[in-house]
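Chemist: Provided below for reference: sequence and predicted model.
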Amino acid sequence: MSITLTDLRKSFSGKPAVNGIDIDIAPGEFFAIVGASGCGKSTLLRLIAGLEVADAGEIALGGKQVSGPGLHLPSEARGVGFVFQSYALWPHLDVRGNVAFPLEAAGLRAVEAARRAERHLTTVALEHYASRKPAELSGGQRQRVALARCLAQDAGIILMDEPLANLDPHLRATMEEELVAFHRAAAATTVYITHDQREAMAVADRMAVMAAGRFLQVGAPDEVYARPASAEVARFIGEGVVHPVTVTDGVVSLAGQPVPVQGEGGADGPRLALFRPKDLVVTAHGEGGALTGRVTAVLYRGGYWEAKLAVDGLTEPFLLHLPRRAQVGDELALCVSDGWLLPE
C-alpha cells in the first residue's frame, strides 16, 4: 500500500510538531525517518496510524484518503500494523496467544487463529517458543513476537517506532538484518523511525532527515550521506565537520589553501563545505597545500584512533581517523583529498 502525505500538520500547545510534511511512499518501500528527539518523528507516525488527529493536511493509504478536512478514519479501519518501542505484549498471554490475539479480536475462531499464529512464528524463527511468556524471552525475541503479530494482521502498512532502542548494541546489529528479512517476508510498506542514523541507513530503501517538524532531505541513504543538501543535514548524518570556504574562479579555498571538492561551484564568494575523516590524509610537514594543526582530543574507537585537530583560522577542529595513537598537543599536517561543497 502506498502512503501519501500532503501538507500534514500537527501542533501541541501552539508548537508545531509536524509542520507541513509532503511525501509519497511507494508500495513495499522501506522508508526510514531519522532525527533528534523531539523533531516530530513519533507524532508523524501516530498521525499515519490514526492515533493522533491532524490539524491540517491529508493522509491517503493505498490511494484511499483516511485523514483530511472533516475526516479522520480510526486506527482500526486503516489496515496498519504498529510496532511500539516497548513491543506492547500482553504479559499474561504466551507467545502464541500474543500473535493470535488480533486475529481473534477480528472474529477468527481460536483454533484457526492459533494455527495462523504458528505460521507467522515460523517466519520469525520463534515456533519453538510458542508456549513461553514474554517475561521468559530476550529483548530480541520479544521484538520478533511483535513483528509476528504484525504479520498476523496482514497489514499492508507497518509502522515501527524506534523498535531497537531497548536492545544492546550487539543485538541491534543482528536485528537490523532480521528487520530487512522481515520486510521482505511481509511485503508491506514499512515506515521506520529512529534517532540512530546508522540504523536508518542500514535498513532503508529511502530515508528522510527530520528536524523541527519538517523533512530537510529525502533520498537513498548513500545519496543523503554523500550529498547532503544543507549544513544541518551534513552535521547530522555521518561524521565530519562543516567549514567555511571561498570560491574564486571555480577554485575552492579552505584556510587559504586550495582544496578539491565535489558539488556545484556556483557563484564566487563564501560557501560551506563538508569534510569527513575519509577525506583527510595526515602527511609530512612542509607538504605543498598541507594544513597544520594541533591535536586537541584523542579517543580509541576500536581499530583506529579518533582525533580532533584544531587549525588556525578555522572555528571547528577537523575529525581524523588515525591508525596510531596521537597525543594531545601533537602538531600534525594534513592534506584534503576530497570534500562536498554544500548547495547555496
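Modeler: Arrived safely. Numbers count the residues shown, from 1 in each chain.

Chemist: in the one helix or strand in the chain whose mean pLDDT sits lowest, which residues are buried?
Modeler: Least confident helix or strand of the chain, by mean pLDDT, DSSP states H and E, is helix 169-186 with a mean of 76. For helix 169-186, burial by neighbour count (16 or more other Cβ atoms under 10 Å) applies to 171-172, 175-176, 178-180, 182-183, 186. The way it works is simple: take the backbone N, C-alpha and C, and place the C-beta from them, glycine included.

Chemist: what lies in contact with stretch 314-321?
Modeler: Residues outside stretch 314-321 that contact it (Cβ atoms under 8 Å, 6 or more residues apart in numbering) are 239-243, 254-255, 275-278, 280, 282, 293, 296-297, 301, 304-311, 332, 334.

Chemist: with stretch 256-273 instead?
Modeler: Stretch 256-273 is contacted from outside by 227, 231, 242-254, 289-291, 313, 336-344, using Cβ under 8 Å, 6+ apart.

Chemist: what about those residues, which are in helices?
Modeler: Counted as lying in helices by DSSP state H, out of those, are Ala231.

Chemist: that older thread, the least confident helix or strand of the chain packs against which elements?
Modeler: helix 139-152, helix 197-203 (3 or more Cβ pairs under 8 Å, 6 or more residues apart in numbering; DSSP states H and E).

Chemist: need the least confident one among those, by mean pLDDT.
Modeler: Among the helices and strands packed on helix 169-186, helix 139-152 carries the lowest mean pLDDT, at a mean of 80.

Chemist: redo the buried residues of helix 169-186 as CSV? Include distance to Leu147.
Modeler: Putting these into CSV (distance: Cβ to Cβ, whole Å) gives the following:
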residue, distance to Leu147
Leu171, 14
Arg172, 15
Met175, 10
Glu176, 13
Glu178, 8
Leu179, 8
Val180, 12
Phe182, 5
His183, 10
Ala186, 8
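
Chemist: this protein: helices as residue ranges?
Modeler: 41-49, 95-105, 110-123, 139-152, 169-186, 197-203, 221-226, 231-236.

Chemist: how about CSV for the ones you listed, with distance to Leu61 added?
Modeler: Listed next are these as CSV, based on distance: least, Cβ to Cβ, whole Å:
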stretch, distance to Leu61
helix 41-49, 8
helix 95-105, 18
helix 110-123, 22
helix 139-152, 15
helix 169-186, 16
helix 197-203, 21
helix 221-226, 24
helix 231-236, 28
